[in-house]
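A.B. asks: sequence first, then the predicted structure:
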Amino acid sequence: MKGSWRWIAAGLAAWAVGASDARAQRAPHEKKVGVELDGLGDGNRGRPFVDLAKTLRGWMKPRGEGAVPIDDKGWPKADAKTVLFDVRPVFAWAPPIDDPDAYQPDWSGTYPFSLRGRAEVAIAEGPGCKVEAARYDAKSNTTSGRIVVPKGCGILVVSFAKTRRDADAPEGSGFTNFRIIRPGYPADTAQVFTNEYLASLKPFSTLRYMDWLETNHNPGYYGDEGRHALEWADRRPADYATQAGETGGKYGVAWEHVVELANATDTDAWINVPIAATDGYVAELAKFLKAGLKPGLKVYVEHSNEVWNFGFPQYIYNKLAAIDEVKRGGSPLNADGSKDEEAWTHRRHAKRLVEIGRTFRETFGADQADRVRPVYASWAISPGPHYADVLAWVEATYGAPRDHFVALADASYYNVSRAAKDASPEQLVAAMRASSDANLDHRTKIREIADRYGLKHYQYEIGPDVGGGDPTNVANRIRANRLPAMEELVLHDALDNWFDRGGDLYMYFAHIGPASRFGCWGLSEDVDQLDTPKWRAIYKLTGTTPPSQ
């Protein structure tokens, strides 16, 4: 019997390869495949920035007993330490580890560093790491040196003691302008993004910056005086100490880096306007993008992210704002006599997108208005109240929806919710395939609504979902995502269940990230892994080849 199963398995593998090759003949869809960029942080496996300091963690006191005071650019005004990277498998710091293979990328090498001011630089945590050639140059008021990271090291924490911002400053006054350059790049380089990162983005037509912009982590809430309105001056600047996390009231990457990356990769930018952004913020953002982006690059504009999602603060913000607007009177949200607060909430989401899209198109001008692509995104499994009802209201209030939006978008992940708790990796892949097929029901309904109003249909996020945070069967959930069958699964969803049925832009979630109980979202688990089954599906969909070929 075991021998029979071996032959059956071999036959299924051969079928999958043949089916994959047949699907490749219906590709490429190189202009219709995009990707979500993983959030910036000290563990970003894409290694986006040449300067590792751009993703350092918030400054801590040397013994870790809290945050240190920082200046208006995020630099410490006292002795401090920070995490430069932590790429250990989850939960290496508090075992057991989720990943049965305990995969950890190799970030070894020599990292040259410099900072303005004086400091004693030391390794606070990092097995086998050492600081070499550290020196202080009084003439330029610069401390420099290099940190050597050996193979097998997955965390690097660095401390800065006896700091002086300048010669006259007291000891313990901090420093500024810390840079630490990744291995293989000159210490004085001005290059922003790594060659590896840029190469990994070549298959995609569009990059979505939702996680880069920390769209789901807005500070404050509606009604919190002095905090619930986000002004343009509140944004994080490009020369801030770090582009990751929330420090000094700044969150989300600098818009300068969004523009730089779009221009460097010749990709359209899918942006998420913060839920708390004022009209002034929107106007300045539109001006900034028009001035900075290469001519011809498109801007897909989304109002926040998953405003329908009860688990995100932007849902609460939007609902409170809608209720407040109705209470003030004269609002179109309830002009038809509606008493339904949820309906007002959905309508405000669309209303805000109408307003944002109008500002962008007016800013770009009539001759470039087609570069602006407002996308109305909502809840996939609720086509009636979240799409049909809202579009009918938009038409009654503002006129034809196609005059304001280019597309409807949803996120029809294919998940393992119906798999057995002890399912094998192969069974989990089969469950995801069944989930993809089941998604056709609501996908078809949303497509029909889009067609009715002359709109395109996008997936703002899409991919395999084995997350949720539950450790049950996590080893097999991770292993499933590494199976060769994942290539065929991605192609099945993208081709059979999307492009062949009239779907348009397909935004894969996500680029590169770790595997854990919280999901295996990445096409791979480090930027040096660009030949995984998921990546091979992307190459076939887009008619591209791995960077090494």
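C.D. replies: Cool, the structure landed. Residues are numbered from 1 along each chain as shown.
A.B. asks: can we go C-alpha only for contacts and neighbour counts from here?
C.D. replies: Fine.
A.B. asks: so where do the strands sit in the stretch 351-500 of the chain?
C.D. replies: For the stretch 351-500 of the chain, the strands defined by DSSP state E, counting those that start in this stretch cover 372-377, 407-410, 414-415, 456-462, 464-465.
A.B. asks: ok, which of those comes nearest P62?
C.D. replies: Closest approach to P62 among these (C-alpha to C-alpha): strand 464-465, 39.1 Å.
A.B. asks: paired strands for that closest one, with orientation please.
C.D. replies: Paired with strand 464-465 in the same sheet, following DSSP bridges, are strand 414-415 (parallel).
A.B. asks: quick one: average pLDDT of the partner strand?
C.D. replies: Averaged across strand 414-415, pLDDT comes to 98.
A.B. asks: circling back to that earlier point, redo the strands of the stretch 351-500 of the chain as JSON lines? Include distance to E325 and mean neighbour count.
C.D. replies: Output for those, formatted as JSON lines (distance: least, C-alpha to C-alpha, whole Å; neighbours: other C-alpha atoms under 10 Å):
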{"stretch": "strand 372-377", "distance to E325": "21", "mean neighbour count": "25"}
{"stretch": "strand 407-410", "distance to E325": "25", "mean neighbour count": "25"}
{"stretch": "strand 414-415", "distance to E325": "37", "mean neighbour count": "22"}
{"stretch": "strand 456-462", "distance to E325": "28", "mean neighbour count": "24"}
{"stretch": "strand 464-465", "distance to E325": "37", "mean neighbour count": "24"}
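A.B. asks: can I get these in CSV including distance to A190?
C.D. replies: CSV is the format used below for the strands of the stretch 351-500 of the chain (distance: least, C-alpha to C-alpha, whole Å):
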stretch, distance to A190
strand 372-377, 31
strand 407-410, 38
strand 414-415, 41
strand 456-462, 33
strand 464-465, 37
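A.B. asks: buried sites along stretch 376-386?
C.D. replies: Across stretch 376-386, burial judged by 16 or more other C-alpha atoms under 10 Å covers 376-381, 383-384, 386.
A.B. asks: if we can go back for a sec, of the strands of the stretch 351-500 of the chain, which is nearest V90?
C.D. replies: With C-alpha to C-alpha as the criterion, V90 lies closest to strand 464-465 of the strands of the stretch 351-500 of the chain, at 17.4 Å.
A.B. asks: about what we covered before: tell me which of the buried residues of stretch 376-386 is nearest to T544?
C.D. replies: For those, the nearest to T544 is A377 (28.7 Å; C-alpha to C-alpha).
A.B. asks: quick check: beta-bridge partners of the closest one?
C.D. replies: Counting by DSSP bridges, A377 forms beta bridges with A409.
A.B. asks: how close does it sit to D268?
C.D. replies: 18 Å (C-alpha to C-alpha, to the nearest Å).
A.B. asks: now do F499
C.D. replies: In this view, F499 and D268 are 20 Å apart by C-alpha to C-alpha.
A.B. asks: give me the more crowded residue out of those two.
C.D. replies: Set side by side, F499 and D268 show more neighbours around D268, with 25 against 18, by other C-alpha atoms under 10 Å.
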